[in-house]
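Peer 1: The sequence and its predicted three-dimensional model are supplied below.
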Amino acid sequence: MENENKNKSGNGNWSPRIVAFFCNWCTYTAADLAGVSRMKYAPNTRIIRLMCSGRVDPQFILEALARGADGVLIGGCHPGDCHYVEGNYKCLRRFRMLKRMLVDMGIEDKRVRLEWISAAEGEKVKRVVNEMVAEIQELGPLGIPKKFEEWDKEIEDLKHEIENKEKEEVAKQ
Amino acid sequence: MISTVEHPELTVCKLGTNLDNLLEQPEGQRILSCIQCGTCAGTCPYGDYMEYSPRKIIAMLRRGMIDEVLQSDSMLKCVACYSCMIKCPRGIKLSDVLLPLVKEQTLIRAKEMPAELQHSLQNTLRYGNPMGESSRKRAAWTAKSKAPVPIMSEIKRPVDVLWFVECYTSFYNRGQDNSCAVARLFNALGIDFAILGNEEKCAGDCGQLTWESGLFETLTDYNMVIFKKYKFNKIVTGDPHAFNAFRIRYPMYGFDYEVWHTTPFLAEYVDKLKPKLKKPLNLTVTYHDSCCIGRRAGFYDEGRTLLKAIPGVKIVEMVHNRMNSICCGGGGGGMWLDTYFKQKDMERLSERRVKEAIATGADVLAVSCPYEIYRFEDALKTIPHEKPMVVRDVVELLAESLVEE
Amino acid sequence: MPTTPIKNEPVKIGYYICHCGTNIASVIDVDAVAKYISKLPNVVVSRNYKYMCSDPGQKLIEDDIAKYQLNRIVVAACSPLLHETTFRNATRKGGLNPFYFQMVNVREHNAWVHSDREQATRKAIELSRAAVERVSLHKPLEIRKLPINPNVLIVGGGIAGIHAALVLANAGKHVYLVEREPTIGGHMAKFDKTFPTLDCAACVLTPKMAAVGKHPNITLWTYSDVVKVDGYVGNYKVTVRRRPRYVIEELCTGCLECIDACIYKEPKFSDEFNLGLGKRKPVYIPFAQAIPSIATIDANTCIELKTGKCKKTCVDACGDRKAIDFKQKEELKEITVGAVIITTGFKTFDARRILYYGYGVYPNVITSLEAERLLNAAGPTSGEFLTRDGRKPKQIAIIHCVGSRDENTNKWCSRVCCLYSLKLAHLIHERTEAEVFNFYIDMRTPGKSMEEFYNRVAEEGVNFVRGRVADIYPDPSDGSTGHLVVQAEDTLLGKILKVPVDMVVLSVGLEPDPASENIRKMFNLSCGSEGWFLERHPKLAPVSSFNEGIFIAGCCQGPKDIPDTVAQAGAAAAEAFSIIDLGNIEIEPNTAYIIESECSGCKSCIPLCPYSAISFDTEKHKSVINEALCKGCGTCVAACPSGSIVQNLFEDEEIISEINGLLEPIEVK
């Protein structure tokens, strides 16, 4: 039943890094349950605990991607079961909007995922994480930090070019 | 999700599943969860006659003693009625996966295959139908039909419905009655349809349930090529076994057409059909749920809905009905094992069923499978009954009541 | 509380990773993690230790704080839901504000779910680094204390609710007990005798019911439902709807004279308490020992209530007591309670769902609960166990696991059916001398004296057949006499049995009551996929819910027998007591506040708050959060376009530093 991702990130074989935002009441507890039940799943997620999925600021998702995450997973309570009545709905609305923007920016749909996972669904944590890791493994690295470097370099080069041109023109005159 | 009465699941298993690798597949893992409750043996219509009931087969398989099972003829007695599978409290895919695999291996090891069965399987391979009729006569029945029956290769245009007629309904008399009725109903409803004519070959469901997998694949490959030749939106067939094969096995070979059996298909049109059913029949009817339409596909109400649409029809139920219906004994190759079963002193299931039908006091035993017409008409000859009873397919009753404008 | 915040002091972090015996250390290289963390900026101490939650482990933190003047603590161990409070306390004892602490979950989210040592160690490092970066930004916070209302609400008046109510009431606390039926007693009141002792259910239950009825500390509201819940632990505001029973409770003496006088001479309507096996009149008391012993008039069947044209003989019979009031309206009661105990019980499986057992088709196929009523001396047949057509049965089948252990219906074992089936076998055999066949899959008799009971019933000559019944049908050789054939494989013999019987008892399983689903929603309880209410921890918090101050007991949490139900009810009462008796409660300081200078007054946040904690100050043109109402979900924080809302403990900077800590590249060896 073990389905751990055997790729090692340290030694050349790439394997995705996923930041997960889990709500305290349902999904974080479900992940605890998966642990207590000793289910095995891919070691690529890093969970950040929030009180409610409604606290997930789109900025967090963007930050995570910008700082090198290959995917972001958000976990909240099932509709109607939110500990704070309807934080999960708020999350869903923001998520849909952000998703549209991300797709426009060329970030693949499967990299950012929202799942309702109740405190009893340890099995679902396992399934969702494994699915997501497999999907992103297929997509390959997102590599935004590296792109930032490249863009920075492009800008530097452009600057140099302009400076050089200016210098040439000055020289001509 | 596992099979339930309401929503039997479609996916069966991966191609290439066999008894050696079964326990590693997801279906096999369900087998490991068997609690040996004996529901399968208890509900099996031939449970009394089996040395190794499904329960014991599972126990032997888990102990690595399956070879002993394959020496016995227990699985030849399985009529693929899905009764064990639908009642299994562990959701084990007995009739879909385990039992056909055991049956195949039993037949491979059998010193002598029952002659009748062997003959039918050979015929199917050579002629594309179990009765060994010439494939060039497959569409001959259409001459009997009062309603026009277009043939794909002749009309040379896309149609909405490809009507897959199947063997019994093409070649046997009473089967042809059934087909003529369907042709009338399709025409009356203005359905844009055509048949494959002589290009059609047996869908192979019974070959597959006896798990003659070589034969089944030959037929699958042939039919898939023919399907690809033409353009149509859906396949409708009057044979529950073909329906079963298309729904459950063919997708493993790349088949992805929408597929219907005539009974549920016509039930979709019941509102349009009802005003045309003008001739009252004044009959008491009892409806037999066929295994592949009822238990395996969950269509219990459709046949009854159609019957209720006929003026003058009163429905009565047999003791065993809906998901608890008793098989006619024709599935899983049982159609060609009657002699073998008789040698073994086994009760004919069609007779068991007909006794229940007689007890209802109905005039008509309504069915939705061409096999059943033969089996029940036969059984009625041997079972004494005072009040006359006839066997009719639902489509025949509909056509009888139909008055064309 | 110690700890004045230390301003502008350099951050000094102490980091501790726990081995948890071998639970963590066998998968994660704790040494390597501690070594890596020790090299991070601001980390002064980095250790690994066998059991951080032990006294010496906590002492280690306290001592290090003193020795190295630490001002931030990070512990990597189990889930914060388990030990966060433990380590916050250790931090506090060391002289720091308890919120200068951050916990890392390397057990449930790491060691227990991964087996690749290198990957797990890397994950532990990244998670720890995130916590180290985050804790530097932590601010000192004060735990909020709120006063607690000392009253308790109990929802559901079965044996669980009754027992919990008596425990609390005897301890001097005021209890509101709300029950939807006209009487308390629940399922237990319907049973005849109870396993394994065979003491009669009524004999043990009714004294407790009576005690509830007359207890000065219990307000009993039957025929009532909870319709609205607001507030939070210590201060729940609950609205209870009291349906009209058209009898004034204070005036009714339970004399039954109105029932005798009812215009219907004979009982005519299906009697719910007897599961429709008996009849009642429109005015009725469910059973003789009902509490409260007050008549109820059923609006669906009473002629006066339906048409307004009855002679009202009941009113005449009641006479000067004037207890009958046809104009009674439903009443909404608002109460405030500090804690709530949910004891809404279960529903028995609807046997119609298993088509081939013929329940609802064959009159002599009955459920176990119906069998209880037939056996009960106070039941519809005065305890005579007869077939529907009045015959004395000679052969009876009892079928175990109906709607249990079945993927097509309910997957779980209902736990009590084997034992109650044994009890029914004994009672039926004793009363009718019929031959009894128990069809079972596995005989499950755990618990004190249970196996001995099984022994006893076996010795009494009950036939045990190991096999699940596959079919029940009328005996075809038998015409229409009502005899049935029960067909099953005797799996021990490998033979198919077809046993002719006069009656079949289906031992129906227990399932969540769909009617309690809206209770679950109102109190925001979690449930598993099958619908049983979820306890906070299966072992260590079995009667707590995920909501502070709301407890669960009895079968709403899962199938269990009477002794376990009573034990849970007692536990829940004790847990509720421990909260309300304190007078006040500590609340996590994770509320949000608005930085006034940055608020643009756009009002986006106001409609988002589910607790209406945000209002608008029209003078200043700014939004304001009422901290007492805020529950700390952070939805408004995520929505604020100007970033002027801050959630304590979950500030944007803290979370972003955590993201950063997770994703920075690592150079390991």
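Peer 2: Right, received. Where do you want to start? As the structure is a prediction and not an experimental result, all values here were calculated from the model. Numbers count the residues shown, from 1 in each chain, chains lettered A, B, ... in the order given.
Peer 1: who in chain C is up against chain B?
Peer 2: Contacts of chain C with chain B, taken as C-beta under 8 Å from any C-beta of the partner chain, map to C:355-356, C:401, C:405-408, C:441-442, C:466-471, C:473-474, C:476, C:487-491, C:494, C:496. In this view, the C-beta of every residue, glycine as well, is placed from N, C-alpha and C.
Peer 1: Could you pick out the buried ones from those?
Peer 2: Neighbour-count burial (16 or more other C-beta atoms under 10 Å in any protein chain shown) applied to these gives C:355-356, C:401, C:405-408, C:441, C:466-471, C:473-474, C:487-491, C:494, C:496.
Peer 1: which residues of the stretch 101-250 of chain B fall in strands?
Peer 2: Ranges of strands in the stretch 101-250 of chain B, per DSSP state E, counting those that start in this stretch, are B:159-164, B:193-195, B:232-237.
Peer 1: And the contacts of the second one?
Peer 2: Right, strand B:193-195. Contacts to strand B:193-195, defined as C-beta atoms under 8 Å, 6 or more residues apart in numbering or on different chains, come from residues B:139, B:142, B:149-152, B:155, B:159-165, B:186, B:232, B:236.
Peer 1: Do I have it right that residue C:643 meets residue C:653?
Peer 2: No - with contact defined as C-beta atoms under 8 Å, residue C:643 does not reach residue C:653; the gap is 10.5 Å.
Peer 1: ok, the two, which is more surrounded?
Peer 2: Taking neighbours as other C-beta atoms under 10 Å in any protein chain shown, residue C:643 and residue C:653 compare with residue C:643 leading, 13 against 10.
Peer 1: for the more buried one, what are its contacts?
Peer 2: Contacts of residue C:643 (C-beta under 8 Å, 6+ apart): C:598, C:652.
Peer 1: What separation is there between it and chain B?
Peer 2: The gap separating residue C:643 from chain B is 46 Å, by C-beta to the nearest C-beta, to the nearest Å.
Peer 1: center of the chain - which residue?
Peer 2: In the absence of a named chain, chain A is used. Taking C-alpha atoms, centre = their mean, the centroid of chain A lies closest to residue A:72, which sits 2.0 Å from it.
Peer 1: Chain C was what I was after
Peer 2: residue C:552 (3.6 Å).
Peer 1: hang on, it packs against residue C:525?
Peer 2: Yes - Residue C:552 sits in contact with residue C:525 when judged by C-beta under 8 Å, with a separation of 7.0 Å.
Peer 1: Need the residues touching each of those two.
Peer 2: Common neighbours of residue C:552 and residue C:525 (C-beta under 8 Å, 6+ apart) are C:342, C:533, C:545.
Peer 1: how about the residues you listed in JSON lines, adding secondary structure and distance to chain A?
Peer 2: Converted to JSON lines, those look like this (DSSP: H, G, I helix; E, B strand; the rest coil; distance: C-beta to the nearest C-beta, whole Å):
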{"residue": "C:342", "secondary structure": "strand", "distance to chain A": "15"}
{"residue": "C:533", "secondary structure": "strand", "distance to chain A": "10"}
{"residue": "C:545", "secondary structure": "coil", "distance to chain A": "10"}
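Peer 1: Could I get the contacting residues of residue C:256?
Peer 2: Counted by C-beta under 8 Å, 6+ apart, residue C:256 has contacts C:285, C:295.
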